[in-house]
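Colleague: What follows is a predicted structure for the sequence shown.
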Amino acid sequence: MADEFDMPKGDLMAGKRGVVMGVANHQSIAWGIASQLAAQGAEMAFLHLPGMERRVQPLADSIGVKQVIPADVTDDASMTEAFGAVEKAFGTIDFFVHSVAFANKDEIKGSFVENTTREGFLRAMDISVFSFVDSARRSAALMPNGGSIICMTYLGAERAIPNYNTMGVAKAALESATRYAARDLGPKKIRVNAISAGAMRTLSLAGISGGRSMLAQGRSLSAMKEDTSMEGVAGCALWLLSDLGRSTTGEVVHVDAGFHMMGLGSEDEG
Ligand code: NAD
């Protein structure tokens, strides 16, 4: 099933073991990244939201991932059990991919000021940001020989994007958490980076009111006039997670066909 992507094969990840958290289906960014890592020889465990087994297991089987472990990031006991299972299977790990986010539908539409509730704000921050800090700590404990950790962010962290609202604030916190974690874990030779991907057609995007417009404008306002590709995002992940990225840490790398750096669009771009 990884064959659906056009990703280079090789041995850049040979001998490396790690964890990918956030595969929900074949459109998930985590799945694209896992496919690329497998094509480069990585051994992986998948951590997934409990209840997603039916969709995740066949994907895992198709690239030889044997450890498929339920983990709810809002539940400490679930996370302790999941990382315990990873330690039992692998002993130590070399990389960790955080590709998890959530906000209530009502928080990601319309007026940011009017629609943001305490409960919804804290839930978005818990699942989308604290989970990263928590899993970075748990992963680092399994990285005595150094390693690499990445998370996924979006331009809504830096710019006010219609409807992205609470999720934009959460992504700003996630990018900051990336820098603080990179500072903390640097002396242990653990690198921490974020990939800021352009809009991509996934379950998460479908949950955002106006997601279709994010896709269309992401394409028309990008420098390259094209959608962000799974191959491009996965390629960046491969760079950061392999030894190719050995001196890069605390960075937010944009992979969005040049959408983030454009000023005004042309008149025909709307
Ligand atoms: P996705 O829906 O496939 O992935 C989100 C994942 O979060 C799912 O696997 C879901 O099960 C998991 N999740 C939610 N709540 C959880 C919980 N309590 N415990 C454990 N897992 C939980 O969508 P995606 O677009 O692949 O999103 C992955 C990451 O990429 C997210 O951080 C998202 O914000 C980010 N991102 C997405 C886009 C885009 O346009 N799709 C762009 C930039 C960044």
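Modeller: That came in fine, so what should we check first?

Colleague: and the stretch 51-200 of the chain, which residues reach the ligand?
Modeller: By C-beta under 6 Å from any ligand atom, the part of the stretch 51-200 of the chain that sits against the ligand consists of 52, 71-74, 99-102, 127, 152-154, 197, 199-200. Yep, even glycine has a C-beta here, placed from its N, CA and C like the rest.

Colleague: Next up, the contacts around the nearest residue to residue 98 once chain neighbours are set aside.
Modeller: Leaving out its chain neighbours, the residue that sits closest to residue 98 by C-beta to C-beta, 6 or more residues apart in numbering is residue 151, at 4.1 Å. Residues near residue 151 by C-beta atoms under 8 Å, 6 or more residues apart in numbering: 97, 98, 99, 132, 174, 178, 194, 195.

Colleague: Just say helix, strand or coil for residue 151.
Modeller: Following DSSP: H, G, I helix; E, B strand; the rest coil, we place residue 151 in the strand state.

Colleague: Show me what the helix or strand containing residue 54 packs onto, helices and strands only.
Modeller: For residue 54, the element it lies in under DSSP states H and E is helix 53-62. If contacts are counted by 3 or more C-beta pairs under 8 Å, 6 or more residues apart in numbering; DSSP states H and E, helix 53-62 sits against strand 43-48, strand 67-70.

Colleague: now those in JSON lines, with distance to residue 166?
Modeller: JSON lines is the format used below for the helices and strands packed on helix 53-62 (distance: least, C-beta to C-beta, whole Å):
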{"stretch": "strand 43-48", "distance to residue 166": "24"}
{"stretch": "strand 67-70", "distance to residue 166": "26"}
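
Colleague: Can you list the helices and strands that the helix ranked longest in the chain packs against?
Modeller: Secondary structure assigned by DSSP state H gives helix 165-185 as the longest helix of the chain. Other helices and strands packing on helix 165-185, by 3+ C-beta pairs under 8 Å, 6+ apart, are helix 112-115, helix 118-125, helix 131-140, strand 147-153, strand 190-197.
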